[in-house]
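Enquirer: Fold the following for me, if possible:
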Amino acid sequence: MVSSAWHASRGVVSALILQERWMLALVLLLGLAQAGATLFQPWLTGNLVAALSDQGPVTGAVLLVCIFFVADAIITGVYSYGLGVVAQRIVYRLRMIVIEKVVRMRMLAYHHLDRGDTFTRIVSDTSIACLVVSQATTQLITSAFLVAGGVVLMTIIDAPMAATALALLGGASLLSLFFARLVRSSAMTNRRNVGAFGTQLNRILSGLTTIKASVREKHEVNNMSSVALRARRSGVRVSTFSALLQPTMNVGTQLALAGAIIVGVVRLHEGHISMAQLTAFIMYLFYLVAPLVTLFSAFGQIQQGRASMDRVTELMNLPQEDTDPAHNDSIFADDQLPTTIPHHDNELPILEFDDVEFSYDDTQAVLRNVSFQVPARGITAIAGLSGAGKTTVLKLAERFYEPSSGKILLAGNDITQIPLPSLRRRLGYVEQDCPVLAGTLRENLVYEKSSIPETDVLRVLDLLGLTPVLDGLPDGLDSHLDEEGSGLSGGERQRIALARALLKRPEVLVLDEVTAHLDRDTEQSVTHMIREVSRTCAVVVVSHQIALFSQADKIVMLDGGTVRGTGTHATMMRSDSLYKRFISQAG
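Expert: Have a look, this model is predicted:
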């Protein structure tokens, strides 16, 4: 499992690198140039020391040293800037890949996700993961080049001194590798704990009114404290192992420096090396400190990046909805697809369930052998006690879920053979929670098709009794609404969602408890409007309001996930005791 996740992560990383290959190559060249300039400085300093020892001219040597120091500083600045730019470009690309995967995700998979953890993966883990493909990887290569070059030049200057220094550095390096592995495992735990913290926080924010009304603030704060404490402890563990990397290399470098100086002084007295060579060697050793620390820090960052990339990849690998191959390049494109279904004969059913079964995760079936037809005109009401499967029926029609067996037909066509955009454009779905999207009222109403004339928008708002609401908003249709529709009642939010669906001009209007939050007068006007709409299209409704059932042209009664019976309100009241009981409870 871990291996497959990492292989998938590597595939995503490779794709991101390929997209930014020229920018990454330029940054890498700048890094190598900076490393080369750094490696040249001790040699120049050694020449300066030799010139001073020989009492020769030093102006040219001093000028050359200054030029290389300035060049090194300029290249380092440009390199750091380029690294930051390419990192942000990669973060952007990765986030857009993940977001596209999430919005195309099958609803059944989405409902199993923790919202807070998903948010953390998209916002935080993507940033950390990009250390793998940008900063850490580039720094790893340039630091390795600098270390390798320094080792070669130190060996050329004096092999015994180099052997002493490298032996001491090697022990420190092995210990650093051990800590780097601990960084990765602890980082994975920390990312999971941070995700759990996000989930708990989302729970509190979404249910704050209930928490306050129940006087459970202290209880929730205590719960958050335990979750936050786990995140803190695992974060401290990551920091501990990360912090041990640099001191380990520092101690190794100091021991290597001390050993090299001792050996160097002995060899200087024996005449095997000159003072200029000893100076250059010690400078190379000093210059190895920063790249060695960077090298192992980058390795530690890569371990953290791998942990985050695995979490991001798990999200990306969740099941995706089937989409129209001709329009599958990007969900952000303007994919105004034409319908692929011929004009429907009004004498035939527009929607049909044929022996449909459905279950969650191979558990006991929620629906069994469900069969019924929806006429092309009129109201078809789905009735049933709580848990009968009413909302599931609606979601199957929208292909939010896929049936385990059986068929669902739209205008005689199996909906699995219809491209999803075409299918959903012919259905107008209004869900029970009726969300208002962050944006203006106009953007909410013409969400699917921005070219809808304003006269049509105003007419639908008037039909739904929303004109007073519109008149009360400071900027009319261009008034901004937040994601929870603050300032709007539950009934107003429901009617806005209903208006959004009506402006699609659907062939089938699918309504899930759309009158649940309406007062009696508004409920009657909305019910009358639904009756009028049903003269031009099919309306499939789940409700607990008697008014809708009394006006329905057809009732489908569900009981325990099966169709108990169908008929008009009057016939069902006479022949079905469970329906009669359902209506009495609804009333």
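Enquirer: Could you pull up the contacting residues of the nearest residue to residue 119 once chain neighbours are set aside?
Expert: With sequence-adjacent residues excluded and distances taken as CB to CB, 6 or more residues apart in numbering, residue 119 is closest to residue 198, at 5.5 Å. C-beta here means a position set from N, CA and C on the backbone, and glycine is covered the same way. The neighbourhood of residue 198, defined by CB atoms under 8 Å, 6 or more residues apart in numbering, consists of 114, 116-117, 119-120.
Enquirer: Quick check, pLDDT for residue 198.
Expert: On pLDDT, residue 198 comes in at 77.
Enquirer: quick one: which of the contacts of residue 198 is most hemmed in?
Expert: Counting neighbours by other CB atoms under 10 Å, the top entry in the contacts of residue 198 is residue 120, with 24 neighbours.
Enquirer: Show me what the helix or strand encompassing it is packed against.
Expert: Using DSSP states H and E, residue 120 sits in helix 115-120. On a contact count with 3 or more CB pairs under 8 Å, 6 or more residues apart in numbering; DSSP states H and E, helix 115-120 meets helix 159-206.
Enquirer: from the middle of its chain, how far away would the helix it packs on be?
Expert: Remark: helix 159-206 is offset 24 Å from the chain centroid, using CA atoms, centre = their mean, to the nearest Å.
Enquirer: any chance you could map the helices in the stretch 201-350 of the chain?
Expert: In the stretch 201-350 of the chain, the helices defined using DSSP state H, counting those that start in this stretch lie at 208-213, 217-269, 275-316.
Enquirer: Show me the one of the ones you listed that comes nearest residue 552.
Expert: Residue 552 sits nearest to helix 208-213 of all the helices of the stretch 201-350 of the chain, at 33.9 Å, using CB to CB.
Enquirer: Looking at the closest one now, give me its mean pLDDT.
Expert: On average, helix 208-213 scores 68.
Enquirer: residues contacting the spatially most central residue of the chain?
Expert: Nearest residue to the geometric centre of the chain (CA atoms, centre = their mean): residue 122, 3.1 Å. For residue 122, the contacting residues are 95, 98-99, 102, 312, 315, by CB under 8 Å, 6+ apart.
Enquirer: Closest one to residue 532 out of those, please.
Expert: residue 102 (38.0 Å).
Enquirer: isn't the closest one right up against residue 319?
Expert: No - under the criterion of CB atoms under 8 Å, residue 102 makes no contact with residue 319, lying 11.9 Å away.
Enquirer: Of all the helices of the stretch 201-350 of the chain, which one comes closest to residue 187?
Expert: Going by CB to CB, the one of the helices of the stretch 201-350 of the chain nearest residue 187 is helix 275-316, 4.1 Å.
Enquirer: circling back: show the average pLDDT along the helix holding residue 120.
Expert: Helix 115-120 shows a mean pLDDT of 76 in the predicted model.
Enquirer: likewise stretch 472-485?
Expert: 80.
Enquirer: Equivalent analysis for stretch 432-441, please.
Expert: 76.
Enquirer: Also stretch 556-573?
Expert: 91.
Enquirer: Next, the distance between the ends of it.
Expert: End-to-end span of stretch 556-573 (CA to CA, to the nearest Å): 12 Å.
Enquirer: List the buried residues in it.
Expert: 556-559, 561-567, 569, 572-573 (16 or more other CB atoms under 10 Å).
Enquirer: Repeat that for stretch 533-547.
Expert: Result for stretch 533-547 [16+ other CB under 10 Å]: buried residues 533-534, 537-545, 547.
Enquirer: again with stretch 105-118
Expert: Using 16+ other CB under 10 Å as the test for burial, stretch 105-118 gives 105-106, 108, 113-114, 116-118.
Enquirer: go on, stretch 513-520?
Expert: Buried residues in stretch 513-520 (16+ other CB under 10 Å): 513-518.
Enquirer: Would you reformat these as JSON lines and include distance to residue 443?
Expert: Converted to JSON lines, the buried residues of stretch 513-520 look like this (distance: CB to CB, whole Å):
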{"residue": "513", "distance to residue 443": "25"}
{"residue": "514", "distance to residue 443": "21"}
{"residue": "515", "distance to residue 443": "25"}
{"residue": "516", "distance to residue 443": "25"}
{"residue": "517", "distance to residue 443": "22"}
{"residue": "518", "distance to residue 443": "24"}
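Enquirer: Need those residues in a markdown table (columns: distance to residue 20, pLDDT and secondary structure).
Expert: As requested, the buried residues of stretch 513-520 are arranged in a markdown table below (distance: CB to CB, whole Å; pLDDT from 0 to 100; DSSP: H, G, I helix; E, B strand; the rest coil):
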| residue | distance to residue 20 | pLDDT | secondary structure |
| --- | --- | --- | --- |
| 513 | 48 | 83 | coil |
| 514 | 48 | 79 | coil |
| 515 | 52 | 75 | coil |
| 516 | 50 | 73 | coil |
| 517 | 49 | 69 | coil |
| 518 | 53 | 72 | coil |
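Enquirer: Tell me the one of these nearest residue 65?
Expert: Closest approach between those and residue 65, by CB to CB: residue 517, at 77.9 Å.
Enquirer: Out of the helices of the stretch 201-350 of the chain, name the one with the poorest average pLDDT.
Expert: helix 208-213 (a mean of 68).
Enquirer: Could you pull up the residues touching residue 371?
Expert: Residues in contact with residue 371 (CB under 8 Å, 6+ apart) are 353-356, 406, 563.
Enquirer: Paired strands for the helix or strand containing it, with orientation please.
Expert: Following DSSP H and E, one finds residue 371 within strand 365-374. According to DSSP bridges, strand 365-374 forms sheet pairs with strand 351-359 (antiparallel).
Enquirer: For the nearest residue to residue 351 once chain neighbours are set aside, give me its contacts.
Expert: Using CB to CB, 6+ apart and skipping residues adjacent in sequence, the residue nearest residue 351 is residue 374, 3.9 Å away. Taking CB under 8 Å, 6+ apart as the contact definition, residue 374 lies against 349-352, 380, 508, 538, 540, 554.
Enquirer: domain ranges for the chain?
Expert: Residue ranges for the domains of the chain, per automatic domain parsing: 2-316, 351-586.
Enquirer: quick revisit: the residue nearest to the centre of the chain belongs to a helix?
Expert: Yes - assessed with DSSP: H, G, I helix; E, B strand; the rest coil, residue 122 lies in a helix.
Enquirer: For it, give its distance to residue 222.
Expert: Here the criterion is CB to CB, to the nearest Å. By it, residue 122 lies 28 Å from residue 222.
Enquirer: where's residue 562 relative to residue 541, distance?
Expert: Relative to residue 541, and taking CB to CB, residue 562 is found at 20 Å.
Enquirer: picking that back up, among the contacts of residue 198, pick out the one closest to residue 390, please.
Expert: When these are compared against residue 390 (criterion: CB to CB), the nearest one is residue 114, at 26.6 Å.
Enquirer: what sits against the closest residue in space to that closest one that isn't next to it in sequence?
Expert: Among residues not flanking residue 114 along the chain, residue 199 sits closest, at 4.0 Å (CB to CB, 6+ apart). For residue 199, the contact set (CB under 8 Å, 6+ apart) comprises 114-117.
Enquirer: returning to that earlier point: tell me the most packed of the contacts of residue 374, by neighbour count.
Expert: The most crowded member of those, judged by other CB under 10 Å, is residue 538 (26 neighbours).
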